[in-house]
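Student: attaching a predicted model along with its sequence, questions to come.
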Amino acid sequence: MLTLILRIALRNPWRHKLRSSLTVAGIVVAILSFGLLSTVVTAWYAGADAASDKRLVVRNSISMTFSMPLAYAERVRAVEGVNDITWSNWFGGVYIDQRNFFPQFAVDAPSYFRLYPEFVIPPDQYLEFLRDRRGAVAGHKLAQRFGWKVGDVIPLKGTIFPGDYQLVLRAIYSGARSSTDENQFMLHWDFLNERIKQIYPGAENQAGIYIVGIRDGREAAAVSQRIDTLFHNSIAETLTETEKAFQLSFVAMTGTIVQAIQIVSWVIIVIIMAVMANTMAMASRERTAEYATLKALGFRPWVGAALVYAESLTLALVGAAIGIWATGPAAHAIGTQLDNIFPTFQVAAQTVRLQWLAAIVVACVAAAFPARRAMQVKIIEGLRSLA
Amino acid sequence: MSTPLICIEHVSKSYRRGREEVPVLYDIHFDIAQGEYLALMGPSGSGKSTLLNLIAGLDQPNAGSIIIDQVDISQLGDAALADWRAANIGFIFQFYNLMPVLTALENVELPLQLTHLSRRERRERALAALALVNLSDRVKHYPAELSGGQLQRVAIARAIVSDPTVIVADEPTGDLDRKSGEEVLSLLDRLNRELGKTIVMVTHDQHAANAARAVRHLEKGELSGLVENRTWNTATNV
């Protein structure tokens, strides 16, 4: 019986080739669009997803634009549960033109790269970077974007810390995971600190944020509280949170956009559901006499319904398969174009699962009403519909 | 007279159209013998198709009962009636009602899907039925690739493949040209004479009715009382 249902379901869609082809094409576009929009949302959260649960970020509780004394480092290091600490400052320089934006951080290199093992630097390049106070490290994608090679001088114009900075690219890192951001640029914190001493005397020895390594991710909340308590009522009170929460606070700033994208992606699915429902309604109406004949021959009413569901699933799954197959290359092409906006733009396994799920839901919802009608068709009326 | 296979006992049927009750059959009472070949005739709206539907178990009477092979089918529920139809009735429709996406062989095999036969047995039986209607060379053809006469022969093969108790035919020649019609009538005659199949056929075509052994006329939902019980005549002589 199952073979019979499948045989009919696989052949039925091709009785109206144009209608079925257009429906499948619609599903392909919908599933592809859904996949790409979901990938945009995933890319938006990529930073947070890549965050380690064993890293905390300490910032000034007033705002991130306020810094904290460097002396905090040793006090935080002494907090129970902390096993390492590093610090960084947002540099915010301009490379040739304002449009060439990329994130730049002044970092305490030895401790920073100890805490970020996902930034993989060839050992010889790393040593060169440590030796050169004007040295800089760039991510692989960033270097590729501007055609930089190790040894190139990277001119940056300071905006927060005015001046012309001639930095020498000493190393190029690559990500240990595909989700690692390869668009960052790092320079020596000591080098920046010296410049600050010159241009803003008295403002030196300040850290923008501290990144704290903890022994056990499950103790994140307790350690955070210990750190913040330590600096309670001090000149720069702190706000400590997990790296993931810290990243998500940036995403939250653009939360409405993300929400809008998510809504649009589901609206597309609802639209294709309506198109599919129309196709199935037409198809099942045309086949009323066939459902009635099957019932007359002794087949149970559910067979008619099963035929409708199977046909709907056939169309939806063919469309979904093509759509999902096309999502990977399409995402790759878009990701290449938006490299500087989305450090990682890859179709997540969860997105593919959602695409299949959406196709199945579309097929089932679209088939529900026609299947019910096929099931309830009265034999005599159904047979008469042919006449 | 041999033992009746079908006993139609005081059957009445009406349909509801909006608030109105439209009577179609009034107190129909007659028997059909085992191995009979009966034609039901009458003008349009006389109730002959309704009566055929009741005999085939496609509909239920409002009053009276229909007993076929000692089973009162008017007492059966939907599921039991479906099983009963699958086992006892072979259908031949005016417009063939074949599945367009199935080949002739697959169409004939269709009723056997409801049996416990193996795939091989189903195939053998379907091939035999198609051979009986002289369509062995068309087994892999789809309905769209067959002529009207061939389509009806496939439908006849489908009707007999499960060896049903009764074959019901609703205007089996109504959509066919004269030559194809003759072929179909000849086949029905063979089924009745050689295989002893009981056939109940609705037709408005006197020529088709002449092929049957008995003819009953219906007029405005009632048997007109005219029963032509004849020995099989040579009117068709096809």
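Tutor: Right, received. Where do you want to start? Numbering: from 1, shown residues only, chains lettered A, B, ... in the order given.

Student: give me the mean pLDDT for the helix or strand B:Ala155 falls within.
Tutor: Per DSSP states H and E, B:Ala155 falls inside helix B:148-160. On average, the pLDDT along helix B:148-160 is 93.

Student: quick one, helices of chain B?
Tutor: B:48-55, B:78-88, B:104-109, B:119-132, B:148-160, B:178-195, B:206-210 (DSSP state H).

Student: looking at these, spot the one closest to chain A.
Tutor: Across these, chain A has its closest neighbour in helix B:78-88 (2.6 Å, CB to the nearest CB). (C-beta placed from N, C-alpha, C; glycine too.)

Student: spell out which parts of chain B neighbour chain A.
Tutor: Residues of chain B found near chain A (CB under 8 Å from any CB of the partner chain) are B:53, B:56, B:58-59, B:79, B:82-87, B:91, B:93-95, B:97, B:99-102, B:106, B:110-111, B:113-114.

Student: low-confidence ranges, the chain, go.
Tutor: By default, I'm working from chain A. Applying pLDDT under 70 to chain A picks out residues A:47, A:340, A:386-387.

Student: chain B was what I was after
Tutor: For chain B, the ranges with pLDDT under 70 are B:1-2, B:225-238.

Student: list the contacts of the residue most central in space within it.
Tutor: Centroid-nearest residue in chain B, with CA atoms, centre = their mean: B:Val168, separated by 1.0 Å. Counting by CB atoms under 8 Å, 6 or more residues apart in numbering or on different chains, B:Val168 touches B:Leu52, B:Ile55, B:Ala56, B:Ile89, B:Gly90, B:Phe91, B:Ile92, B:Ile199, B:Val200, B:Met201.

Student: test my guess that the third one contacts B:Trp84.
Tutor: No - in this structure B:Ala56 lies outside contact range of B:Trp84 using CB atoms under 8 Å: 10.2 Å.

Student: neighbour count winner among those two?
Tutor: Per other CB atoms under 10 Å in any protein chain shown, whichever of B:Ala56 and B:Trp84 has more neighbours is B:Ala56, with 24 against 18.

Student: any figure for the gap between A:Pro370 and A:Thr256?
Tutor: 38 Å (CB to CB, to the nearest Å).

Student: who's more crowded, the two?
Tutor: A:Pro370 (25 against 9).

Student: okay, and the more buried one sits in which element?
Tutor: helix A:349-376.

Student: now do the helix or strand following that helix: which elements does it pack against?
Tutor: Toward the C-terminus, helix A:349-376 is succeeded by helix A:379-386 as the next helix or strand (DSSP H and E). In terms of contacts (3 or more CB pairs under 8 Å, 6 or more residues apart in numbering or on different chains; DSSP states H and E), helix A:379-386 is packed against helix A:288-297.

Student: what does stretch A:336-354 rub up against?
Tutor: A:34-35, A:38-40, A:42-44, A:46-47, A:50, A:101-102, A:139, A:141, A:145, A:178-183, A:324, A:327-328, A:331-332, A:334-335.

Student: for chain A, which segments count as strands?
Tutor: Ranges of strands within chain A are A:55-60, A:68-69, A:82-90, A:104-107, A:119-120, A:135-139, A:153-158, A:163-175, A:185-188, A:206-207, A:209-214, A:238-242, based on DSSP state E.

Student: nearest to chain B, of those strands?
Tutor: Checking the strands of chain A against chain B by CB to the nearest CB gives strand A:163-175 as the closest, at 52.5 Å.

Student: longest helix of chain A?
Tutor: helix A:301-337.

Student: and the closest residue to chain B within the stretch 51-200 of chain A, backbone torsions?
Tutor: Nearest to chain B, among the residues of the stretch 51-200 of chain A, is A:Ser178, at 45.7 Å (CB to the nearest CB). The phi and psi values for A:Ser178, taken as degrees, to the nearest 10, are phi -70, psi -20.

Student: list only buried entries from the residues of chain B next to chain A.
Tutor: B:53, B:56, B:58-59, B:82, B:84-86, B:91, B:93-95, B:97, B:99, B:101-102, B:106, B:110-111, B:113-114 (16 or more other CB atoms under 10 Å in any protein chain shown).

Student: list the buried residues for stretch B:184-203?
Tutor: For stretch B:184-203, burial by neighbour count (16+ other CB under 10 Å) applies to B:184-185, B:187-189, B:191-192, B:197-203.

Student: do the same with stretch A:231-249
Tutor: Neighbour-count burial for stretch A:231-249 flags A:231, A:236, A:238-248 (criterion: 16+ other CB under 10 Å).

Student: for stretch A:52-72, same thing?
Tutor: Under the neighbour-count criterion of 16+ other CB under 10 Å, stretch A:52-72 has A:Ser52, A:Lys54, A:Arg55, A:Leu56, A:Val57, A:Val58, A:Arg59, A:Asn60, A:Ser67, A:Met68, A:Leu70, A:Tyr72 buried.

Student: TSV for those, including distance to A:Arg384?
Tutor: Listed next are the buried residues of stretch A:52-72 as TSV, based on distance: CB to CB, whole Å:
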residue	distance to A:Arg384
A:Ser52	70
A:Lys54	73
A:Arg55	73
A:Leu56	75
A:Val57	74
A:Val58	79
A:Arg59	77
A:Asn60	81
A:Ser67	84
A:Met68	84
A:Leu70	90
A:Tyr72	87
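
Student: what's the most distant pair in these?
Tutor: Across the buried residues of stretch A:52-72, no pair lies farther apart than A:Lys54 and A:Ser67, at 24.3 Å, counting by CB to CB.

Student: how about the strands of chain A, which one is nearest B:Arg153?
Tutor: strand A:163-175 (71.2 Å).

Student: quick check: angle from that closest one to strand A:135-139?
Tutor: 50 degrees (axes from the mean of the first three to the mean of the last three CA atoms, to 10 degrees).

Student: up against chain B, what does chain A have?
Tutor: With CB under 8 Å from any CB as the criterion, chain A meets chain B at residues A:1, A:4, A:7-8, A:11-12, A:15, A:289-290, A:293-300, A:379-380, A:383, A:386-387.

Student: what do you get if the cut-off is 7 Å, keeping everything else the same?
Tutor: By the rule CB under 7 Å from any CB of the partner chain, the part of chain A lying against chain B is A:1, A:4, A:8, A:11-12, A:15, A:289-290, A:293, A:295-300, A:379-380, A:383, A:386-387.

Student: show me how to select, in PyMOL, the buried members of those residues.
Tutor: Of these, the buried ones can be selected in PyMOL as follows, counting by 16+ other CB under 10 Å:
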select buried, chain A and resi 4+8+11+12+289+290+293+295+296+297+298+299+300+379+380+383
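
Student: which one of the buried residues of stretch A:52-72 is nearest B:Glu121?
Tutor: Nearest member of the buried residues of stretch A:52-72 to B:Glu121, counting by CB to CB, is A:Ser52, at 65.6 Å.

Student: residues touching the spatially closest residue to that closest one that is not a sequence neighbour, list them.
Tutor: What sits nearest to A:Ser52 in space, not counting adjacent residues and going by CB to CB, 6 or more residues apart in numbering or on different chains, is A:Glu243, at 5.9 Å. By CB atoms under 7 Å, 6 or more residues apart in numbering or on different chains, the residues touching A:Glu243 are A:Ala51, A:Ser52, A:Arg55, A:Leu56, A:Val57.

Student: specify which member of these is nearest to B:Glu21.
Tutor: B:Glu21 lies nearest to A:Ala51 out of the contacts of A:Glu243, by CB to CB, at 75.3 Å.

Student: burial count for that closest one?
Tutor: A:Ala51 has 17 neighbouring residues, counting by other CB under 10 Å.

Student: I figured it was touching A:Leu248, is that so?
Tutor: No - if you go by CB atoms under 7 Å, A:Ala51 and A:Leu248 don't touch, sitting 8.6 Å apart.
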